[in-house]
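K.L.:
Here's my sequence, what's the structure:
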Amino acid sequence: CRTPSRKRRAVRARTERVRQGREKRSGPTLFAVSLAVIAMRLLRDFEKILCAAIFLAMTGIGFVNVEVRYLTNRSFAATEEILVNGFLLLTLLGAAIAARRGEHLAVTILYDMLPRRGRIVLLWASGALGLLLLALSAWFCWQLLVYQLRSGTTSYALQLPAWYYTVGLPFAFILVAARF
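P.N.:
Here you go, the predicted model:
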């Protein structure tokens, strides 16, 4: 259990005085502040929320497919298409979460062998190359999206425009780069 900071205690005390009518409100209302806090948390945890929503949808689709296959001996062919593209987006959003936490896998044998200055140079070089890779991936995914929009390519099972599945990819790579 964490003890509240001095600032938090002061805010709580002022909020209590306002509630009791001993002090007038000044500045933004409590409701506006609450909305701002919620918005900041949503932005901070955007990829986590999106991952949870995609994973929940994929779980539901997979469950329905298994039940239908079990009951009727037939399968929804389109579920594979949806699940594969969902896994792709889920992987990129998971990479953004890992990048934000600094939890990506790393091979440190060369890093461990270098002196301090060499480690700093290696960190900067690997960071720059990582950002370059993510920027190029975003750019190529954007080019793919533009091509799919212009050509009218459709998916194989549902015959939906293929860009429905790739529209999130360039933005996901940009998100990974921003969290990197």
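K.L.:
gap between Ala135 and Ala128?
P.N.:
Noted for Ala135: a distance of 10 Å to Ala128, by CB to CB, to the nearest Å. No exception for glycine: its C-beta is placed from N, CA and C like everyone else's.
K.L.:
Cys51 is in contact with Ile97, correct?
P.N.:
Yes: proximity of Ile97 to Cys51 meets the contact threshold set by CB atoms under 8 Å, at 7.0 Å.
K.L.:
hmm, back to that, compare Ala135 and Ala128 and say which one has the larger neighbour count.
P.N.:
Higher neighbour count among Ala135 and Ala128: Ala135, with 13 against 10, using other CB atoms under 10 Å.
K.L.:
and that one, what element?
P.N.:
Here Ala135 sits within helix 116-151, counting by DSSP states H and E.
K.L.:
Quick check: which element contains the residue lying closest to Ser75 once chain neighbours are set aside?
P.N.:
Nearest residue to Ser75, sequence neighbours excluded (CB to CB, 6 or more residues apart in numbering): Arg69, at 4.6 Å. Using DSSP H and E, Arg69 maps to helix 46-72.
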